[in-house]
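[1] I would like the atomic coordinates for the input below:
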Amino acid sequence: MSLNNQYTKYIAVGDASYTIQFSDDVITFTITTGRTATLPLAGLCTPMSGQNEKKIVSSTSSVGNVTIAVPSGNSLIGVGSVEPGQVVMLSSNGTTIWSGYGGGGPAGTSGYSGPSGY
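    Numbers count the residues shown, from 1 in each chain. The predicted structure follows:
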């Protein structure tokens, strides 16, 4: 894993959507309207590669939400958007699934969203 060490690759994205690259680790958006962050294929970002975790940050200066998208054939479980001032952590299972936590907004209809115990 390349997060939080001397090899971490930080990307600063201005007011634009961005397709996250395999080698990107921490992606910070500063936006004035809603934009999209598209994750790479989960099958490329395996635990063995050390690139299976991504961190998406929406600057406190941002105005709109960052929507998290996945490529065709992949699924996103958990968080689907990042509001200004929030951070989302995403993890690939190494095949077709990205899981996210933190931030805000449910991702699609992939599971039950609400109190646990149901």
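
[2] is it true that Gly85 touches Asn65?
    No - the criterion here is C-beta atoms under 8 Å, and Gly85 misses it with Asn65 at 11.0 Å. C-beta here means a position set from N, CA and C on the backbone, and glycine is covered the same way.

[3] between the two, what contacts are shared?
    Taking C-beta atoms under 8 Å, 6 or more residues apart in numbering as the contact rule, Gly85 and Asn65 both touch Ser58.

[4] Between the two, which is the more surrounded one?
    Legend: neighbour count by other C-beta atoms under 10 Å for Gly85 and Asn65, higher for Asn65 (22 against 12).

[5] Show me the beta-bridge partners of the nearest residue to the more buried one once chain neighbours are set aside.
    Nearest non-adjacent residue to Asn65, counting by C-beta to C-beta, 6 or more residues apart in numbering: Ser81, 4.7 Å away. Going by DSSP bridges, Ser81 is paired in beta bridges with Thr67, Gly104.

[6] same thing with Gly100?
    Gly78, Leu90.

[7] so who does it touch?
    For Gly100, the contacting residues are Ile68, Leu76, Ile77, Gly78, Val79, Gly80, Val88, Met89, Leu90, Ser91, Ala107, by C-beta under 8 Å, 6+ apart.

[8] Wait, Ser62 touches Thr28, no?
    No - using C-beta under 8 Å, Ser62 is not in contact with Thr28, being 9.4 Å away.
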